[in-house]
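Participant: with the input below, show me the fold.
(one chain, ligands or ions: 2)
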Amino acid sequence: MKSNIASAFSYKWITKEPIKLSIEKTRLILLFLALNYLIVFLDVTIAHAADAFSPVYEWIPVVFCPLAALAALLVLFKPKPGTLNTLYMGLNLLGICIGVLGFIFHLTGVIGGNSFSLTKLVGGNPVFAPLAFIALGIIGAITGMDDRPRLKKYGLTQKTRWLLMATAFWFFATALVAFFDHASTRFGNFYTWFPVYIGFFAASVVFLQAFSSLDKMTSRLFTITMALSMLIGLLGFILHLSSDVSGGFSWRRVFYGAPGLAPLLFCDLAIWGGLVYLDPIFSADKEEPLRDGQYGGLIHFGRKTGIVILVVGLILGLLGGKYFFTPTNPNQPTTGGSVGWVPPGQLDSDYMFASGGQAGTLVAWGIPSMRTIKTIPVFTPDPKTGFGYTPETKQMLGDKTWGDVHHPTMSQTQGTYDGKFVWVNDKANNRIGQVDLRTFTTTQILDIPNLVGAHPLSTDPDSNYLFTASEFSVPVVNGKPNYAPLSQWKDNFYGIAAVVNTNRDGVQAGQPGKMSLNYEMLMPPYDYDLAAVGKGSSAGYTFFTAYNSEEASTDTEKNSTAFDRDLTLFMDYKAAQKLIDAGQNDGIINGVKVLDPRKHPGIAWLLPIPKNPHGVDISPDGKWICYSGKLDPVVTIINIDKLKKAIANKDYQTTTWGLPVIKYQDVQEAQVQVGIGPLHTQFDDQGYAYTSLFVESAIAKWQLGTWKVIDKEPVNYNVGHLAVAGGDSMHPFGHWLVSLNKMSLNRFLPVGPGYPVSEQLFDLSGGPKMTLVNEAPSDREPHFASIIPAKLIHPLNVYAKDPNRPNSIWSEDQAKVVRNGKNVTIYMAVVRSHYAPDNIELNQGDHVTLYLTNIEQQPNMTHGITIEDYNINVAADPGETVHIDFTADKAGNIPFYCSDFCSALHEEMMGYFLIKPST
Ligand code: RUQ
Ligand code: CUA
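Facilitator: Ligands and ions are numbered 1, 2, ... in the order given. Okay, the predicted model is just below:
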């Protein structure tokens, strides 16, 4: 017998003597199986809790694991055929089904759209995690089966063979996960290849072991491999953990960053290998083979029942997968449907007006195609159209050549986007630009004196007003913004809000607009981030977020984040307007009337909100004021009714900076646990809200009223704003959501170290789940965008022929050159394919005023004029008159030509300024 032991049992190499265990192999495996089920239980519970167990089938694995663990333990103590054993076998087979189902669900959750990426696969949604259920289920089921006698005298038993194959499968899957996980970091460190190699190596060793006869060599190889696996697991654990804690520890990073626990799977597998490899005969105390049937198993379970459970489970899984996995093929020609693709020749359903960031532009996109349709220069000169090159537009830009556009704001009528104007702010130069959507051109730029870092921009439901504020507090000394040492922060520094009249009804197409400054209001010296104007039940109030209640002026990163709550401010702008209209103010600074709310109780209050809040957004009915916590993983919901009551009862917590502070507990309705780094919220037409999660790189969808998160989708990555069609109005249109991400990784062809950013389109029309359907890069840095159905926008086709428009001419024979001393005024007509007049005599030093009218009324027939070497190019759309001003300081025959390819004779479309040199 002893010699048999020696040759049959693999561990002699280490121990010289066969290992004798006081517990039988099968029981050991059952014990370890139960332990594994419990570990998986912890993991899946934490992961699914992050989704708030929504949809409900996320509960399935959570409920299943403890049951399976319990069954394994019970069988361990009572290894007899019977009900218990049947239950145990059934649960393990069910586990396999759950694994398959889960794999499909995870996969569809990840590639539900048409874009499949490694980063999403591994970072956002651990696709491979459910494979653990399959592996445990297989091992569990095999363990519960009857063992068979050895096939050969010194060979392994059939059961051991199967267990080895199952373990090999699991090694293989683990190596695959390690591969994908580390591929997402592009194997940045060479040693990230090790677990992949060792995993695949171990898989083949374990697999081959099942088919080789037992000899010293193979068993040594097996032992070394398991030891290696153990080692790599421990090393990986340490490395992952140290990478997770570098730069601040967070549990989320442990699970999703470099998942700290994942490498321990290699240790787990090493133990599995060891257990499985134990010889059943010699591991028992009695040194005698287990009796046939001792552990019951499939035979007693009934092979048929087992097969039926497996087959039914798999079919259900596949059907479920088919239901949830509706592949959206981007090449399928569909319109108005849910896919992000619009075939050539068809039009988009919506416009998106997106911030062009530091380019100072507003960009019109088509949704869902994500095609850029037009880039509208606002704060920046544009040689293509000539914006910033004509005297009028030069004057608009002043001495600035760029702007920092953050928040395109759609004009509204009765709380609905009306498609008339988009206003944008320039945070860098404290301006508001107005874009007229009849012409898609900038018609006015309004300077906002006194403000520094005009960041928020929001309008009321009828767009009578625009609200903005200083992000940076500055001193106002003796009634003027001025220099003051930082030590005077408390006394002399102020935040300032500005209220602008849009005067929208007075605006004519193509004519300079009429926005005007209404008044400004002093505020405590915090940093004002975003604003939302009330509507419905909150109409009349404007809410500003603010950080830095700490009033830090140095090391702001650290010092402005000390308090758990910051004081935000809200104002009753109707009450304030009454004061202004009654001629009241507390001084005029740089020509602007200024109110000090400390002197007028009832126009401004402070409201504590956690923690360095960023966006504030109001539900369509106006009832819920939603503050995104930024440094707190919640959206804090304030109930407007409670807020009004607190104001009516003058029930305040205290007074700060001379303003009443609302009691937070009195007005807070809920805190929605959305996830990490919430920045902005938008709403749809179905009672749902969507919050961007910067740190988590995801969009959370939650329900107003129940405050439940019902879906969360990863984005690539670090989303700032998000836009839902009509999503900040009283009547959202829904259907489309664009995630305006601050970065992108592996989404577009590389363009050097400066990566493009990514804007991702989600379809909201397919039920509770958001589906990623399209994606496009954009220039840095997009902030906010507004989406509006195309049918609400009515652009002009041509500028109408207006006989009364000054300086326009409408036929070639009206063309003329008028000389007045050194001043020459040219009234020029342009029409396919010539200029009239085309040769113009000038003297060097003449001052030239050129009114060029494109007398065409045919849509699309734009002509341009480029004057060689004079740094001038301007385009004139059909029916448009453009104004050019220059001094003819360079003598010569200076050609000018048409710069828009208008006809077959476009090249021939030219003329000369015949500039005689002065002597
Ligand atoms: S801000 S990413 Cu300039 Cu609108 Cu929040
Ligand atoms: Cu006109 Cu080219």
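Participant: of all residues in the chain, which one is nearest the centre?
Facilitator: In the chain, the centroid-proximal residue (Cα atoms, centre = their mean) is residue 719; its distance is 2.9 Å.
Participant: that residue and residue 698 touch, don't they?
Facilitator: Yes - with contacts counted by Cβ atoms under 8 Å, residue 719 reaches residue 698, the gap being 7.4 Å. Every residue, glycine included, has its C-beta placed from N, CA and C.
Participant: can I get stretch 732-750 as CSV, trimmed to CA atoms?
Facilitator: Below are the C-alpha coordinates for stretch 732-750, written out as CSV (Å, rounded to 0.1, in the frame of the first residue of the first chain):
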residue,chain,number,x,y,z
PRO,A,732,-38.0,69.1,-21.6
PHE,A,733,-38.2,67.2,-24.8
GLY,A,734,-36.1,64.2,-23.6
HIS,A,735,-35.0,61.5,-26.0
TRP,A,736,-31.4,62.6,-26.3
LEU,A,737,-28.7,63.1,-23.8
VAL,A,738,-25.2,64.3,-24.6
SER,A,739,-22.4,63.7,-22.1
LEU,A,740,-19.8,66.5,-22.5
ASN,A,741,-16.7,64.7,-21.3
LYS,A,742,-13.6,66.6,-20.3
MET,A,743,-11.3,63.9,-21.6
SER,A,744,-11.1,60.8,-23.8
LEU,A,745,-9.0,57.7,-23.8
ASN,A,746,-8.6,55.3,-26.7
ARG,A,747,-11.6,56.7,-28.5
PHE,A,748,-10.1,58.5,-31.4
LEU,A,749,-7.0,58.3,-33.5
PRO,A,750,-4.1,59.6,-31.5
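Participant: how far off centre is it?
Facilitator: Relative to the chain's own centre, stretch 732-750 is displaced by 6 Å; criterion: Cα atoms, centre = their mean, to the nearest Å.
Participant: how about it against ligand 1, any contact?
Facilitator: No - using Cβ under 6 Å from any ligand atom, stretch 732-750 never reaches ligand 1; the gap is at least 7.3 Å.
Participant: what sits against whichever residue of the stretch 701-850 of the chain sits closest to ligand 1?
Facilitator: Nearest residue of the stretch 701-850 of the chain to ligand 1: residue 720, at 3.0 Å (Cβ to the nearest ligand atom). Under the criterion of Cβ atoms under 8 Å, 6 or more residues apart in numbering, the contact list for residue 720 reads 679, 680, 692, 694, 740, 741, 742, 782, 783.
Participant: remind me, longest strand of the protein?
Facilitator: Under DSSP state E, the strand in the chain containing the largest number of residues is strand 416-426.
Participant: packing partners for that strand?
Facilitator: In this structure, strand 416-426 makes packing contacts with strand 409-413, strand 431-436, strand 785-789, judged by 3 or more Cβ pairs under 8 Å, 6 or more residues apart in numbering; DSSP states H and E.
Participant: burial measure for residue 62, as a count.
Facilitator: By other Cβ atoms under 10 Å, the residues close to residue 62 number 15.
Participant: that one sits in which helix or strand?
Facilitator: Assigned by DSSP states H and E, residue 62 belongs to helix 59-77.
Participant: likewise residue 172?
Facilitator: Going by DSSP H and E, residue 172 is part of helix 158-183.
Participant: try residue 231
Facilitator: Of the helices and strands defined by DSSP H and E, residue 231 is found in helix 216-245.
Participant: and the angle from that helix to helix 158-183?
Facilitator: 40 degrees (axes from the mean of the first three to the mean of the last three Cα atoms, to 10 degrees).
Participant: neighbours around the closest residue to residue 897 other than its chain neighbours, how many?
Facilitator: Computed as Cβ to Cβ, 6 or more residues apart in numbering, the closest residue to residue 897 that is not its neighbour in sequence is residue 910, at 4.0 Å. A count of neighbours around residue 910, defined by other Cβ under 10 Å, yields 17.
Participant: quick one: contacts for residue 576?
Facilitator: Shown in contact with residue 576 (Cβ under 8 Å, 6+ apart): 499, 519, 521, 595, 597, 600, 603, 604.
Participant: from residue 499, how far off is the fifth one?
Facilitator: Spatial separation of residue 597 from residue 499 under the definition Cβ to Cβ, to the nearest Å is 13 Å.
Participant: where do the contact lists of those two overlap?
Facilitator: 521, 576.
Participant: phi, psi for residue 903 please.
Facilitator: Main-chain torsions, residue 903, degrees, to the nearest 10: phi -160, psi 180.
Participant: that one reaches residue 832, doesn't it?
Facilitator: Yes - contact criterion Cβ under 8 Å: residue 903 and residue 832 qualify, at 4.8 Å.
Participant: joint contacts of the two?
Facilitator: Common contact partners of residue 903 and residue 832 (Cβ under 8 Å, 6+ apart): residue 909.
Participant: residues contacting the closest residue to the residue nearest to the centre of the chain other than its chain neighbours?
Facilitator: Distances taken as Cβ to Cβ, 6+ apart place residue 692 nearest to residue 719, at 4.3 Å, with adjacent residues excluded. Contact analysis of residue 692 by Cβ under 8 Å, 6+ apart lists 628, 678, 679, 680, 681, 699, 719, 720, 721, 722, 739.
Participant: from the residues you listed, pick the one nearest residue 40.
Facilitator: The shortest distance between residue 40 and any of these, using Cβ to Cβ, involves residue 699 and amounts to 28.1 Å.
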